[in-house]
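Participant: The following block contains a protein sequence and its predicted model.
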Amino acid sequence: MLPFRDERAVSETLSLPRSDHSSPAPRKLLHSDDDFQAEMLEGVSRTFALTIPQLPPALCRVVANAYLLCRIVDTIEDEPDLSGARKNHFCRQFLRTLDGAKSAEPFSRQLCASLSSRTSPAEHELIRNVPRVLRITRSFSGPQREALQHCVRTMAKGMAQFQLRSEKHGLQSLEELDQYCYFVAGVVGQMLTRLFCLHSPEIAKNHDALMALAISFGQGLQMTNILKDVWEDYRLGACWLPRRIFAEEGFDLRDLTTERDREGFEHGIRRLIGISHGHLRNALTYSLLIPKNEIGIRNFCLWAIGLAVLTLRKINSHIHYTDGSEVKISKRSVKGTILATRLTVQNNLLLKFLFEAAAWRLPLASSPTNWSPAATSDGKANKAL
């Protein structure tokens with residue numbers, strides 16, 4: 001259950017050769033929908049291109065489409081040449097298009113014309129193909145479409161709310177971080193849980209227990225991304241760390257630079273590692289509630305958890321890092337995580353042992369914060385759009 005936001009976009013162009021950069025879509029129409037989505041995934045996220053195909057085929061198709069829908073919103077929000085007002089405009093138009101109230105072709109053309117060269121070629125390609133992405137969305141069952149639309153709508157409105165705040169020196173508190181993580185990752189956990197339950201009556205028996213853990217699962221993964229990418233975000237003029245946590249350690253995030261004495265900053269990072277660790281423990285509990293015969297869904301969840309725990313461990317052991325590349329886990333670690341998970345995927349006891357081994361010596365908060373979307377002002381998010 002990977003968060004659908006804040007994974008760094010792959011900048012390489014897609015593999016299909018083309019002579020007309022402005023109109024690649026006709027060539028792609030020669031592909032099946034599954035091939036099309038797989039190619040789009042490979043362009044915008046190699047991680048998801050690896051994990052989503054582990055799901056059962058019918059579920060894979062829906063989750064791949066969900067990721068592409070969320071990535072469209074993400075592309076709008078990350079475009080540096082768009083003002084906050086323009087981003088809100090395009091998000092509103094996309095939600096109307098998703099709901100069927102607006103044609104996809106004009107939206108796609110207008111947004112394409114507004115993207116700069118700083119948006120990756122793969123994301124340009126995705127936006128050009130919005131009509132096909134939405135055509136695939138409309139082929140799903142009513143409950144599946146409802147799950148996807150609720151997720152994308154909540155994500156777009158929540159991201160717009162934070163975009164208008166222009167948080168350059170951190171969020172105010174841990175509660176605000178929880179809220180941000182809900183909008184960009186927790187809501188994805190809820191959506192995936194709904195899709196898993198629609199896929200399997202056996203999984204649906206644990207609906208309430210899974211839904212109670214879904215937001216925490218997403219937050220653990222998202223907080224890991226935030227910690228890994230803190231310096232890249234800083235250079236882009238953004239910061240998603242909670243100021244209050246660092247103030248309690250004697251560090252003001254307004255003074256954040258790579259050159260300063262950072263002891264207080266590093267203490268704050270370790271506190272956030274402990275909170276993230278707690279959320280990932282909830283993620284493991286979630287994964288073990290999935291029936292053992294659902295190997296694909298288990299692998300999809302467990303690979304994400306394993307990679308996140310190893311990333312936290314790398315951050316904790318390289319606490320003086322000033323670039324995300326210093327705490328990026330190796331390809332060998334990725335392959336090891338995949339192999340270990342495949343060998344133990346149906347053995348809950350061994351999976352718990354692997355988690356404990358990977359998380360050894362990591363800080364652990366007494367209990368991760370529990371934030372409910374009911375606690376936020378949905379009215380504020382709606383007004384942002």
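Facilitator: That came through fine. Numbers count the residues shown, from 1 in each chain.
Participant: and the protein, what are its domains?
Facilitator: Listed by automatic domain parsing, the domain ranges of the chain are 1-17+27-141, 166-374.
Participant: want to try CSV for those, with mean neighbour count as columns?
Facilitator: From N, CA and C alone the C-beta is placed, and that goes for glycine too. As requested, these are exported to CSV (neighbours: other CB atoms under 10 Å):
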stretch, mean neighbour count
domain 1-17+27-141, 18
domain 166-374, 19
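Participant: Now mean pLDDT and distance to Val152 too, for these, in JSON lines please.
Facilitator: What follows is these, written out as JSON lines (pLDDT from 0 to 100; distance: least, CB to CB, whole Å):
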{"stretch": "domain 1-17+27-141", "mean pLDDT": "85", "distance to Val152": "5"}
{"stretch": "domain 166-374", "mean pLDDT": "93", "distance to Val152": "9"}
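Participant: want to throw the ones you listed into TSV with distance to His150?
Facilitator: Below are the domains of the chain laid out as TSV (distance: least, CB to CB, whole Å):
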stretch	distance to His150
domain 1-17+27-141	11
domain 166-374	7
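Participant: Which among these is found nearest to Met159?
Facilitator: domain 1-17+27-141 (5.1 Å; CB to CB).
Participant: Please, which helix or strand holds the residue lying closest to Thr75 once chain neighbours are set aside?
Facilitator: What sits nearest to Thr75 in space, not counting adjacent residues and going by CB to CB, 6 or more residues apart in numbering, is Glu123, at 4.6 Å. Following DSSP states H and E, one finds Glu123 within helix 121-128.
Participant: Now the element after that helix, going C-ward?
Facilitator: helix 130-137.
Participant: between that following helix and helix 121-128, how big is the angle?
Facilitator: In terms of direction (axes from the mean of the first three to the mean of the last three CA atoms, to 10 degrees), helix 130-137 departs from helix 121-128 by 70 degrees.
Participant: neighbouring contacts of helix 130-137?
Facilitator: 25, 28-29, 33, 36-37, 40, 61, 65, 68-69, 72, 94, 97-98, 104-105, 107-108, 111, 126, 145, 148 (CB atoms under 8 Å, 6 or more residues apart in numbering).
Participant: Kindly recompute the last result at 6 Å.
Facilitator: Here helix 130-137 makes contact (CB atoms under 6 Å, 6 or more residues apart in numbering) with Asp33, Asn65, Leu68, Ala104, Glu105, Ser108.
Participant: one step back: which strands or helices does the helix holding Glu123 pack on?
Facilitator: Helix 121-128 sits against helix 33-44, helix 104-114, with contacts defined as 3 or more CB pairs under 6 Å, 6 or more residues apart in numbering; DSSP states H and E.
Participant: Redo the ones you listed as JSON lines? Include distance to Ala212.
Facilitator: Shown next, in JSON lines, are the helices and strands packed on helix 121-128 (distance: least, CB to CB, whole Å):
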{"stretch": "helix 33-44", "distance to Ala212": "29"}
{"stretch": "helix 104-114", "distance to Ala212": "36"}
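Participant: Quick one: closest of these to Ile203.
Facilitator: That would be helix 33-44 among those, by CB to CB, at 22.9 Å.
Participant: got the angle between that closest one and helix 130-137?
Facilitator: Using the same axes, to 10 degrees: helix 33-44 against helix 130-137 is 130 degrees.
Participant: what's the closest of the helices and strands packed on helix 121-128 to Ser330?
Facilitator: helix 33-44 (21.0 Å).
Participant: any idea which helix or strand comes after that closest one?
Facilitator: In N-to-C order, the element after helix 33-44 by DSSP H and E is helix 46-51.
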